[in-house]
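Participant: Here is a sequence with its predicted model. Questions after.
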Amino acid sequence: MSWAAYPGPVNGVRWVAVACLGLTLAACSGAAPDDGADPVAEVTYVLLPHPDDEFQVWSQVEGREDSYTVFVLMTRGEQSSYCDSETGGGRWTSTCADARLASWTGFFEQMGEQDATLPGALPAEPERVTGLDPDDVAVGRDDDGEVTVDADALVWRDAEGRGALVAFDLGDGDLTEQEATWAAEQVITDPAEFGLLDRAPDRVLGAYYFPGEADGCFSYPHPDHAAVAAIIRAADLAPVQAYATCRAADAGASESRVSDGAAEAAFGDGGAFPAHYGWLGDWPLARDDQSQLFHVPQAFVGGGGTE
């Protein structure tokens, strides 16, 4: 593979120690720095189906000192009906894909002003990683019947070494578990090829997925989110791995809350979410329950991993 400039803007689950997701994670992580030789205390990879899903795991990534966090985006969100707008330029278009990536990076840059532990000092243009081998996995986008194959990835590395953003283009609305597994393994097993910290992750997190119905819970059976949740349940990627869900889904779910400061920075007046994702519609923040897709009380369940 090589680098190039980017031209444009629950059944059968094996559970892991989800309790380690909270404040005790440093104690159960197997990759603590040795005598201060490694300034990074914790490496986390976050698997996201779409650009805007990152806030669904925010309680588990914000304010973690000496952390290195990589957000891995599986699709560009180009199928959204909100693409049929002046900003989006139409569904399945490069205009919408680029607009969604610009919103994604802009969100992190603005949130980085509130939280200095996250990757927010991003380059104006990403670098492209080429030569990734999909092997026998059918990777590509199905844009209303038109199939295109793109196995490259875009990488924005934080200038202060706090992590990176990595974006694949595997098809909004048609992401498969096989595609998502391939993308995750490409980055996690060979981070140096993406210009990332060459160290195995302590944690792998996934975006919100809850296909059921429950009081105070947002039902979200999106197939792209199902694909990411399936990876967390089945793959062995890190000692600790979990995806966000409704706390009513499992009595053993680990719960944590987004801080007041982060909630205000993201969804308050002039917040990063409406500032960068506002063209995708009105997405309110649920502060006391999980009745909206984006919520302050968050819950996580896990699977796979090293037992």
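Facilitator: It's in.
Participant: looking at it, Asp115 is touching Ala263, isn't it?
Facilitator: No: contact criterion C-beta atoms under 8 Å: Asp115 and Ala263 do not qualify, at 11.8 Å. Where you see a C-beta, it was placed from the backbone N, CA and C, and this is true even at glycine.
Participant: between those two, who's got more neighbours?
Facilitator: Ala263 (22 against 19; other C-beta atoms under 10 Å).
Participant: Can you tell me the closest non-neighbouring residue to that one?
Facilitator: Leaving aside its chain neighbours, Ala263 sits nearest to Val296 (5.5 Å; criterion: C-beta to C-beta, 6 or more residues apart in numbering).
Participant: Identify the residue spatially nearest to Arg76, adjacent ones excluded.
Facilitator: Using C-beta to C-beta, 6+ apart, the nearest residue to Arg76 is Ala97, at 3.8 Å.
Participant: and that neighbour, what helix or strand is that in?
Facilitator: Here Ala97, judged by DSSP states H and E, is contained in helix 94-111.
Participant: Now the element after that helix, going C-ward?
Facilitator: Downstream of helix 94-111 (by DSSP H and E), the next one is strand 127-130.
Participant: Partner strands of that next one and their direction?
Facilitator: Using DSSP bridges, strand 127-130 pairs in its sheet with strand 2-5 (antiparallel), strand 153-157 (antiparallel).
Participant: Please name the nearest non-neighbouring residue to Ser103.
Facilitator: In space, Ser103 is closest to His276, 4.4 Å off (C-beta to C-beta, 6+ apart).
Participant: Make sure that neighbour is indeed in a helix.
Facilitator: Yes: according to DSSP: H, G, I helix; E, B strand; the rest coil, the state of His276 is that of a helix.
Participant: That one against Gly106, yeah?
Facilitator: Yes: judged on C-beta under 8 Å, His276 makes contact with Gly106 at a distance of 4.2 Å.
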